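> Quick one, what's the 3D model for this:
(2 chains)
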Protein chains: 2
Amino acid sequence: MFKIHKKFEKTTHYVTDLKLCQVRLQDNSKFPWIMLIPKRKGACQILDLNKKDQIQLLDEIQYCSKMMKKHFRCNNLNVEKVGNIVPQLHIHIVPRHKKDPTWPLSIWVIKGKPYTKNELAKILTKLKKII
Amino acid sequence: MFKIHKKFEKTTHYVTDLKLCQVRLQDNSKFPWIMLIPKRKGACQILDLNKKDQIQLLDEIQYCSKMMKKHFRCNNLNVEKVGNIVPQLHIHIVPRHKKDPTWPLSIWVIKGKPYTKNELAKILTKLKKII
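Model (predicted):
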């Protein structure tokens, strides 16, 4: 049975379930940063998904990208499959803004900062509404 | 008419043309790092491509991922759409290895190092053969 990786249970928060992916919020208040986790046991690479799932993943990436672009300050979208630390397949989607903490550099060049309880409640409510 | 961004003409090298994308080598000898550039004028986000092109892009990402995974040392594949500096849509594909210079961190946390003339000729020959 598919299970979210233990690490993600600590570092991310549940937003919603789409057909293929679970959408979660990265606990880093420096960027509005979500991730899509395909609910397929053992998948580590996009290559591990069958063709139908790959196209579904693309659709869900596009849907979430559109919503994030619409509802957050956004000069550009970063869409990244990295997964060097947690192997479970997950795609990061981060709307980037010219005034964000690392623009135009990568989201990976700076240490994260967890949300406060209030900030977290606020952004989760927003994300659950728009996605 | 579609043209490769000027910056890419300096920092990357031509490998081959696929149906949708031009494949280029990032001039950074620290990682075997290619990028796919969809030959569509004005496209900056994956969202800017029509659905048919998006699926073609997915196919070409999967094809190149498979080839890079097969022919380079690879514990994981990084597949990233970033583009904060050069807006022209491009997808980075980097096979990562546990002994590479920044594992398990991002490719973006370290300064690049251009290939020597000999190294460059060697890797371009290899890439042109496998992709």
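> all helices of chain A, in order?
A:6-11, A:51-71, A:117-130 (DSSP state H).
> So what's the residue count around A:P104?
14 (other C-beta atoms under 10 Å in any protein chain shown). Backbone N, C-alpha and C define where each C-beta goes, glycine included.
> Touching, it and B:I85? I think so.
Yes. The pair A:P104 / B:I85 is scored as a contact, 4.9 Å apart, by C-beta atoms under 8 Å.
> any idea how far A:P87 is from A:F2?
Per C-beta to C-beta, to the nearest Å, A:F2 is found 14 Å from A:P87.
> Please read the previous query as pertaining to A:V23.
Distance from A:V23 to A:P87, by C-beta to C-beta: 19 Å.
> which residues are there in chain A that come within reach of chain B?
Residues of chain A found near chain B (C-beta under 8 Å from any C-beta of the partner chain) are A:44-47, A:54-55, A:58, A:61-62, A:65-66, A:69, A:76-85, A:87, A:96, A:103-106, A:108-109.
> Drop anything exposed from those residues.
For these, a burial check counting by 16 or more other C-beta atoms under 10 Å in any protein chain shown picks out A:44-46, A:54-55, A:58, A:61-62, A:65, A:69, A:76-84, A:96, A:103, A:105-106, A:108.
> so who does the closest residue to A:P95 other than its chain neighbours touch?
Leaving out its chain neighbours, the residue that sits closest to A:P95 by C-beta to C-beta, 6 or more residues apart in numbering or on different chains is A:C74, at 3.8 Å. For A:C74, the contact set (C-beta atoms under 8 Å, 6 or more residues apart in numbering or on different chains) comprises A:68, A:95-97.
> for those residues, which one is nearest B:M35?
Set against B:M35, the nearest of those by C-beta to C-beta is A:R96 (18.3 Å).
> The closest one is in contact with A:V79, isn't it?
No. In this structure A:R96 lies outside contact range of A:V79 using C-beta under 8 Å: 10.6 Å.
> Helix or strand with the lowest mean pLDDT in chain A?
In chain A, the helix or strand scored least confidently by mean pLDDT, DSSP states H and E is helix A:6-11, which has a mean of 96.
> Give the burial count for A:K51, as a bare number.
Look at A:K51: counted by other C-beta under 10 Å, it has 11 neighbours.
> and A:H71, what is it in contact with?
A:126, A:130.
> Grab the most central residue of chain A for me.
In chain A, the centroid-proximal residue (C-alpha atoms, centre = their mean) is A:M35; its distance is 1.5 Å.
> how close does that residue sit to B:A43?
With distances taken as C-beta to C-beta, A:M35 is found 24 Å from B:A43.
> what does A:W33 give?
24 Å.
> which residues pair with the residue nearest to the centre of chain A across the strands?
A:R24, A:H92 (DSSP bridges).
> Report the contact partners of it.
A:M35 makes contact with A:8, A:12, A:23-24, A:26, A:90-93 under the criterion C-beta under 8 Å, 6+ apart.
> Need the per-residue pLDDT for it.
A:M35 is assigned 98 on the pLDDT scale.
> cool, and the one 3 residues further on?
Looking at A:P38, its pLDDT is 98.
> Who are the contact partners of it?
Taking C-beta under 8 Å, 6+ apart as the criterion, A:P38 is in contact with A:20-21, A:49, A:53, A:57, A:89.
> quick one: which of these is most hemmed in?
A:C21 (25 neighbours).
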